[in-house]
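>>> With the sequence up front, the predicted model follows.
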Amino acid sequence: DSGVTQTPKHLITATGQRVTLRCSPRSGDLSVYWYQQSLDQGLQFLIQYYNGEERAKGNILERFSAQQFPDLHSELNLSSLELGDSALYFCASSPMGQGAGANVLTFGAGSRLTVL
Amino acid sequence: DAKTTQPNSMESNEEEPVHLPCNHSTISGTDYIHWYRQLPSQGPEYVIHGLTSNVNNRMASLAIAEDRKSSTLILHRATLRDAAVYYCILRDVWGNSKLTFGKGITLSVRP
């Protein structure tokens, strides 16, 4: 157990639907990152939050949105789902204190989304 | 953003050392070099990181070139359990890592 909790582990839904993936970071970590991993792609960075504020944005589609709540958990919302959105979605967290470049990322086990 | 490049795949024999390369020619002076690996059906896990000096931990060693434009992850004695995808990324001093992990190096270990 890495300390980063992602729910649900598996999700099957239909095209056009909307889903929410949830992430609880490791205790003490202030920053949350979301990544997407498709079958033939590497880990694609989507978005990063730090203490409730958006910190960095990657290749996140406009149909996707995320937020980090005061208790530091984060949710990734995926809407108007398409077949191509089927992927593993990983959440990671890090402390982001002084010397943050040295802070390691701790990943969750992922949420597998299947869009039919 | 600084970028890393890695070969797509490498093979090794069990119990032999493995050297996994990573090029990061546009690294800035304050970027940390991080290595992660992803075992089959699991989330990525941290392996090692460094800034300028070589680093050792229980999992691996990290050799950083003097000009810091490349680094090598060294697994001293590969085991079957080390078969995984290995990613090299850079994190700036503020802890930002916008850079995607990319496809990494797929390491196969032969018994």
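Received it, and whenever you're ready, just let me know what you need.
>>> use CA for all of it now, contacts and neighbours both
Noted.
>>> element containing the residue nearest the centre of chain A, please.
Among the residues of chain A, the one closest to the centroid is residue A:34, at 2.8 Å (CA atoms, centre = their mean). Using DSSP states H and E, residue A:34 falls within strand A:31-37.
>>> My read is that residue A:83 contacts residue A:38, right?
No: Residue A:83 is beyond contact range of residue A:38, at 11.3 Å (criterion: CA atoms under 8 Å).
>>> Quick check: the nearest residue to residue A:42 once chain neighbours are set aside vs residue B:6, distance?
Spatial nearest neighbour of residue A:42, excluding adjacent residues (CA to CA, 6 or more residues apart in numbering or on different chains): residue B:103 at 3.9 Å. As judged by CA to CA, to the nearest Å, residue B:103 and residue B:6 stand 8 Å apart.
>>> more neighbours, the two?
Taking neighbours as other CA atoms under 10 Å in any protein chain shown, residue B:103 and residue B:6 compare with residue B:103 leading, 21 against 18.
>>> these two touch, right, the more buried one and residue A:38?
No: between residue B:103 and residue A:38 there is no contact under CA under 8 Å: 10.6 Å.
>>> burial of the residue nearest to residue A:58 when sequence neighbours are not counted, as a residue count?
Leaving aside its sequence neighbours, residue A:58 sits nearest to residue A:46 (CA to CA, 6+ apart; 4.6 Å). Residue A:46 has 25 neighbouring residues, counting by other CA under 10 Å.
>>> residues in contact with residue A:46?
Neighbouring residues of residue A:46 by CA atoms under 8 Å, 6 or more residues apart in numbering or on different chains: A:33, A:34, A:35, A:36, A:57, A:58, A:59, A:60.
>>> how about 10 Å then?
By CA atoms under 10 Å, 6 or more residues apart in numbering or on different chains, the contact list for residue A:46 reads A:33-36, A:56-61, A:64-66, A:76, A:89-91, B:98-100.
>>> and residue B:92, what pLDDT?
pLDDT recorded at residue B:92 is 78.
>>> right, I mislabeled it, should have said residue B:3
On the pLDDT scale, residue B:3 gets 81.
>>> The one 5 residues further on now?
Reading off the per-residue confidence, residue B:8 sits at a pLDDT of 93.
>>> before we move on, what about residue A:34?
95.
>>> Test my guess that it contacts residue A:50.
No: applying CA atoms under 10 Å, one finds residue A:34 not in contact with residue A:50, separated by 12.0 Å.
>>> got any residues that touch both of these two?
What both residue A:34 and residue A:50 touch, as defined by CA under 10 Å, 6+ apart, is the set residue A:93.
>>> shaky segments in the chain?
In the absence of a named chain, chain A is used. A:96-102 (pLDDT under 70).
>>> That was the other one, I meant chain B.
Checking chain B against pLDDT under 70 turns up B:1-2, B:94-100.
>>> ok so, going back, the residue nearest to the centre of chain A bridge partners, please.
Judged by DSSP bridges, the bridge partners of residue A:34 are residue A:47, residue A:91.
>>> Now do the same contact list for it.
Residue A:34 neighbours (CA under 10 Å, 6+ apart): A:23, A:43-49, A:57-58, A:60, A:66, A:74-76, A:89-93, A:107, A:110.
>>> Against chain B, how distant is it?
Shown here: residue A:34 relative to chain B, a distance of 11 Å by CA to the nearest CA, to the nearest Å.
>>> Give the burial count for residue 25, as a bare number.
In the absence of a named chain, this looks at chain A. 28.
>>> if you could check chain B rather than the one you did, that'd help
14.
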